[in-house]
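Q: sequence first, then the predicted structure, then my questions.
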Amino acid sequence: MSDYPQSPSQEQRSPKAQCSARGCRAAAGWVLVWNNPKLHQSDYEKRWLACDDHRGSLSGFLGLRGFLRRVEQLPPDQLPGRTAPK
Ligand SMILES: [Zn+2]
């Protein structure tokens, strides 16, 4: 009963969703969707990931500048980076 193959390791899977705050390595639970109209077209949406601790500060940073569009909860099974770039 020892010839059962090892399940493949999960190395090199898509990078773990990690908080975008500087120096923070916590797992992200939130997606901050924002757009800087001076840099981005209006249909472009930039995404930052945030952990619980940084959701407030990052969204405040973006909100002060009028960049923040919405905050979405990141489903645990939905890692970012899956959408194909245009
Ligand atoms: Zn964080």
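A: In hand now; what should we look at?
Q: near the ion, which residues of the protein?
A: Within the chain, the positions adjacent to the ion are 19, 21, 24, 26, 51, 54 by C-beta under 5 Å from the ion. C-beta coordinates here come from the backbone N, C-alpha and C atoms, glycine included.
Q: isn't the fourth one right next to residue 17, touching?
A: No - contact criterion C-beta atoms under 8 Å: residue 26 and residue 17 do not qualify, at 10.1 Å.
Q: just want to know which of those two has more residues nearby.
A: Neighbour comparison, residue 26 and residue 17: the larger count goes to residue 17, with 20 against 14 (by other C-beta atoms under 10 Å).
Q: and that one, how far from the ion?
A: Distance, residue 17 to the ion, using C-beta to the ion, to the nearest Å: 11 Å.
Q: now swap in residue 36 and tell me
A: For residue 36, the distance to the ion equals 21 Å [C-beta to the ion].
Q: part of a helix, is residue 60?
A: Yes - looking at residue 60 with DSSP: H, G, I helix; E, B strand; the rest coil, it is inside a helix.
Q: rewinding a little: now, of the residues of the chain next to the ion, which are buried?
A: Listed as buried from the residues of the chain next to the ion are 19, 21, 24, 51, 54; burial here means 16 or more other C-beta atoms under 10 Å.
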